[in-house]
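In: below: sequence and its predicted model.
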Amino acid sequence: MTPELPPRIDRRLAIKWMLAAGAGALLADRMALGAAAPAPAAARQGYGVDPDLVKAHKPGEYWPLTFTDAERREAAALCDMILPVEGDCPSASALGVQDFIDEWISAPYPMTAADRRPVIEGLAWLEAESRRRFGSGFADSSGAERLALCEEMARAPAEGSEPSAASSFLRRFRDLACGGFYTTPAGMRDLGYVGNVPLAHFDGPPAELVAKLGLAAEVRW
Amino acid sequence: MAYVTPSSAAEAYDVIVVGSGAAGGQAAYTLTMDGARVLMLEAGRNYDPGSETPMFQTPDTAPLRGVATPDKYFGFFDATAGGGWTVPGEPYTNAAAEEGRQFKWYRARMLGGRTNHWGRIALRNGPYDFKPRSRDGLGLDWPISYEDVAPYYDKVEMLVGVYGTNDGLENTPDSPEGCLLPPPKARIGELLARQRGRTLGIPVIPVRRAVLTRPLDHKTLPARLHPGNAKAQRILAEDMQSRAACFWATSCGRGCSIRANYQSTTVHLPPALASGNLDLVVNGMAREVTVGPSGNATGVTYIDKATGREHHAKARVVVLAASACETVRLMLNSRSSQFPNGLGNSSGLLGKYIMDTVGASWGGQIPLLENLPAHNEDGAGGLHVYAPWWLYKEQRAGKLGFARGYHVEFGTGKGMPGGAPYLPDADGRTSFGPRMKEEARRYYGSQVTFTGRGEMIPNADSFCDLDPAVVDKWGVPVLRFHWKWSEHEIRQVAHMQRTFADWIEAMGGTNARRPDPDGTKAILNGGFVIHEVGGAVMGSDAARSVTNSWAQTWDVKNVFIADGAVFASNADKNPTLTIMALAWRTADRILDEMRRGNL
């Protein structure tokens, strides 16, 4: 089972979008998704050339998000197959990575809009495949069932053939999930990034490391 | 005096400075510290680095994890406000549609301009760089030599604070004692690049960047910079004490709220404002330099962006420092019965010889750098070392097929992650789960990117003029660019990429593929390196240049150009330090000429 997800947006924000975009437009968007052909997000506005750089932003602040609750649960479950909890490092879903992916595929920029359809269609395929095989949706399947599906999708294409749509989806979703995860303080720590702290002096690499790589002669100018 | 509005500005000033970046900041600093009354016009909004700089923010607090978008090309946290490759309501055009024939124009619309986000690389031009035509018969010589500019390089380095070393290398000048701050220690990947670069004959030395690796010496520098001027010394000494040294965190591209690196808003403008001699109008877009019956400039007409209304400010002298292309545009748009083709354009050369820096990159993965123990590699918020151009002899002997050199910048280390880490996905399988996380840790920090920055020779096909049909939102004609790289730049790019691929192999890495020997595949569009200079080149002959050796327009003696428009060549060295040195020199000349009663 997937963990309880952190809250996504508050009601006030949701109402703001409804007012801004118009309920009809949102509804039309959802219906289009139901037909497995996500509406292009290109008509929406980005954050512009002079946003506030200092305040903390949340997904959904600048453009409406896309996932249904079911898609969000499924995306979170897939995020956690890619980046599960390990020791004191939280899982991707606990860090809100599914909401970053939602923000990404909902954004109006060319490189993000290109991911919109593959992600929505990939999630729809994964959900249907899980129901067909296991009788339950992806998020509600057992860990072993989820793993079996992911292992299949992760497989390298047979020699000389193109990757399947399912395997391309997993690769792209994996990269998006990693992008969302490793840019959080917890993800950075897990990767081994120890910077972003003020120091009185900069000491360079540890002397033993320099010696080990045979670079001791290089530290003097 | 301080920030003013068009209605509270004085009737007349000694000098109007158009622009507030490296050129405008330096010109205004020099003029006001010596007592001249200056009005500065900035087309962008006010900008406060103290409160607006995202110093420790992590990408998860930014939209889309802070990745680059068309709105923020260098990422969300980059200190560019109000612009980028496009500025709303202020278009420009290109005469040609095809890639490689275009010029991309990066503009900020904020106080301090692009100095808020620049890379802080502060290299001096060398003696060759002022006399390129005398050396190889190509391009243009400057009417001045390195010796004319050297004292001003010294002053700028002392004022803004530049780290680096004196290495005595060809055409890579040393600085006198007391000019430079100590360089930061090299990162592990930089040390490896240095060691293996030696096997290819490439020298790697500390780069020079405008970052304080220790506080400035406020006890001796003010007296060296402003001899005999007690007030300037006092203001500068106080200001230097309010600038902190680098605390080795957060990228310089975000700007710096502790004022540890150079940006006009943290270094030039505070003392200039403290002098009491600077008035500053923001959101004031200069439209035209006005000329009186005598043929001298009378002032500047500008648009208050808040109201759309036009205003006029008067001054004895006008200094253009709007950035090379914006300065050219302003001059082309300053048409009158005396100057029907634009102010300062009697030679017909206004807008000609636009140059950018030649750029190309190549990267690889280095197994020796895998799985290294975690340690802090943030450093001075940018690169610590580089390779200055090293093949002067081969080039002189005609062995390279291109006439001018490049330097190499490189990026290595475990910097703050900005997206998905490198994962090799061996054998085509998509890695995920705990095994993938292990791989991410293993490869993190093991990638190296080399970036070439090379000299472009000015040519007749790279220039700008006014678009006959397109105007900006205030109805002012916009620039139209024309661009063509010569064989020299295209072959230089191919040489860069070949060298970088060899370097990666010398570091024990492998290249996913060898670079394409055709340089046209790798060369970036003009303007992409954001080192555009030229367009109003200085020279010794009024028929073949726009300004004299003092950056004073030949046609109108009280109009000077402080920015990169006057560059007669664009060495591989990043132009900002030279812009500042020349702006200081030009401002000194203006002060002298005003004292003599010639202006």
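Out: Nice, I can see it.
In: and the strands in the stretch 401-550 of chain B?
Out: B:406-411, B:447-454, B:463-471, B:477-482 (DSSP state E, counting those that start in this stretch).
In: pLDDT score for residue 110?
Out: Since no chain was named, I'll use chain A. Model confidence at A:Pro110, given as pLDDT, is 93.
In: chain B is the one I meant
Out: Confidence score, pLDDT, at B:Met110: 98.
In: these two touch, right, it and B:Val87?
Out: No - at 11.1 Å, B:Met110 and B:Val87 do not qualify as touching, with contact defined as CB atoms under 8 Å. For the C-beta atoms, the positions are set from N, CA and C on the backbone; glycine is no exception.
In: so for chain A, which of the strands of the stretch 401-550 of chain B sits nearest?
Out: Nearest to chain A, of all those, is strand B:447-454, at 13.2 Å by CB to the nearest CB.
In: just checking: what are the partner strands of that closest one?
Out: With DSSP bridges as the test, strand B:447-454 is paired with strand B:358-365 (antiparallel), strand B:406-411 (antiparallel).
In: and B:Ala565, how far from B:Asp502?
Out: Noted for B:Ala565: a distance of 38 Å to B:Asp502, by CB to CB, to the nearest Å.
In: looking at the two, which is more packed in?
Out: When neighbours are counted by other CB atoms under 10 Å in any protein chain shown, B:Ala565 and B:Asp502 differ, and B:Ala565 comes out ahead with 32 against 18.
In: for the more buried one, what are its contacts?
Out: For B:Ala565, the contact set (CB atoms under 8 Å, 6 or more residues apart in numbering or on different chains) comprises B:320, B:324-325, B:327-328, B:533-537, B:546.
In: looking at those residues, spot the one nearest B:Pro270.
Out: The closest of these to B:Pro270 turns out to be B:Leu320 (CB to CB; 23.1 Å).
In: ok now do the closest residue to the closest one other than its chain neighbours, which residues does it touch?
Out: Of all residues not flanking B:Leu320 in the chain, B:Thr327 sits nearest, at 4.4 Å (CB to CB, 6 or more residues apart in numbering or on different chains). Neighbour list for B:Thr327: B:18-19, B:320-321, B:535-536, B:561, B:563, B:565 [criterion: CB under 8 Å, 6+ apart].
In: swap the cut-off to 7 Å and go again
Out: Shown in contact with B:Thr327 (CB atoms under 7 Å, 6 or more residues apart in numbering or on different chains): B:320, B:536, B:561, B:563, B:565.
In: give me the pLDDT value at it.
Out: B:Thr327 is assigned a pLDDT of 98 by the prediction.
In: how near is it to B:Thr357?
Out: 19 Å.
In: now for the longest helix seen in chain A, which elements pack on it?
Out: Longest helix of chain A, by residue count under DSSP state H: helix A:110-134. Counting contacts by 3 or more CB pairs under 7 Å, 6 or more residues apart in numbering or on different chains; DSSP states H and E, helix A:110-134 packs against helix A:69-82, helix A:97-106, helix A:143-154, helix A:165-181.
In: switch those helices over to CSV; also include distance to chain B.
Out: Shown next, in CSV, are the helices and strands packed on helix A:110-134 (distance: least, CB to the nearest CB, whole Å):
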stretch, distance to chain B
helix A:69-82, 5
helix A:97-106, 6
helix A:143-154, 4
helix A:165-181, 4
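In: buried deepest among those, which one?
Out: Ranked by mean neighbour count, the helices and strands packed on helix A:110-134 are led by helix A:97-106 with a mean of 26 (mean count of other CB atoms under 10 Å in any protein chain shown).
In: give me the more crowded residue out of B:Met110 and B:Val87.
Out: B:Met110 (27 against 20).
In: which strand residues bridge the more buried one?
Out: Bridge pairing for B:Met110 - DSSP bridges - gives B:Arg45.
In: quick one: end-to-end length of stretch B:372-381, please.
Out: With CA to CA, to the nearest Å as the measure, stretch B:372-381 spans 21 Å from end to end.
In: what's the mean pLDDT across it?
Out: Mean predicted confidence for stretch B:372-381 is 96.
In: please see if that stretch touches chain A.
Out: Yes - judged by CB under 7 Å from any CB of the partner chain, stretch B:372-381 comes into contact with chain A through B:372-379.
In: would you mark the buried spots in that stretch?
Out: B:372, B:375-381 (16 or more other CB atoms under 10 Å in any protein chain shown).
In: still on that earlier bit, tabulate the helices and strands packed on helix A:110-134 (TSV), appending mean pLDDT.
Out: Output for the helices and strands packed on helix A:110-134, formatted as TSV (pLDDT from 0 to 100):
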stretch	mean pLDDT
helix A:69-82	98
helix A:97-106	98
helix A:143-154	97
helix A:165-181	97
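In: which of the ones you listed sits closest to B:Thr307?
Out: Closest approach to B:Thr307 among these (CB to CB): helix A:97-106, 37.0 Å.
In: does anything pack onto the closest one? Which helices or strands?
Out: helix A:69-82, helix A:110-134, helix A:165-181.
In: would you tell me which of the ones you listed gets closest to B:Ser8?
Out: Here helix A:110-134 is closest among those (CB to CB), at 44.5 Å.
In: what comes up buried for the closest one?
Out: Those buried within helix A:110-134 under the rule 16+ other CB under 10 Å are A:112-113, A:115-123, A:126-127, A:130, A:134.
In: where does pLDDT dip in chain B?
Out: B:1 (pLDDT under 70).
In: isn't B:Arg480 up against B:Val471?
Out: No - shown here, B:Arg480 and B:Val471 do not form a contact pair, counting by CB atoms under 7 Å, at 11.8 Å.
In: so these two - more neighbours on which side?
Out: Between B:Arg480 and B:Val471, B:Arg480 has the larger neighbour count (other CB under 10 Å), namely 19 against 13.
In: about what we covered before: the contacts of B:Thr327 into JSON lines, with extra columns for distance to A:Lys212 and secondary structure?
Out: Shown next, in JSON lines, are those (distance: CB to CB, whole Å; DSSP: H, G, I helix; E, B strand; the rest coil):
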{"residue": "B:Leu320", "distance to A:Lys212": "55", "secondary structure": "strand"}
{"residue": "B:Ala536", "distance to A:Lys212": "55", "secondary structure": "coil"}
{"residue": "B:Ile561", "distance to A:Lys212": "54", "secondary structure": "strand"}
{"residue": "B:Asp563", "distance to A:Lys212": "49", "secondary structure": "coil"}
{"residue": "B:Ala565", "distance to A:Lys212": "51", "secondary structure": "helix"}
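In: which of these sits closest to B:Val67?
Out: Distance to B:Val67 across the contacts of B:Thr327 (CB to CB) is lowest for B:Asp563, with 31.5 Å.
In: and residue 163, what does it touch?
Out: Reading this off chain A. Contacts of A:Pro163 by CB under 7 Å, 6+ apart are A:Pro157.
In: can you look at chain B instead?
Out: Applying CB under 7 Å, 6+ apart, the residues near B:Tyr163 are B:180-184, B:208-209, B:211, B:213.
In: recalculate using a threshold of 10 Å.
Out: With contact set as CB atoms under 10 Å, 6 or more residues apart in numbering or on different chains, B:Tyr163 has these partners: B:120, B:122, B:157, B:180-184, B:206-214, B:246, B:380, B:384.
In: same question for A:Arg171.
Out: A:153-154, A:163, B:423, B:425, B:428-432.
In: from B:Met436, how far out is it?
Out: 12 Å.
In: list residues touching both of those two?
Out: A:154, B:423, B:425, B:430.
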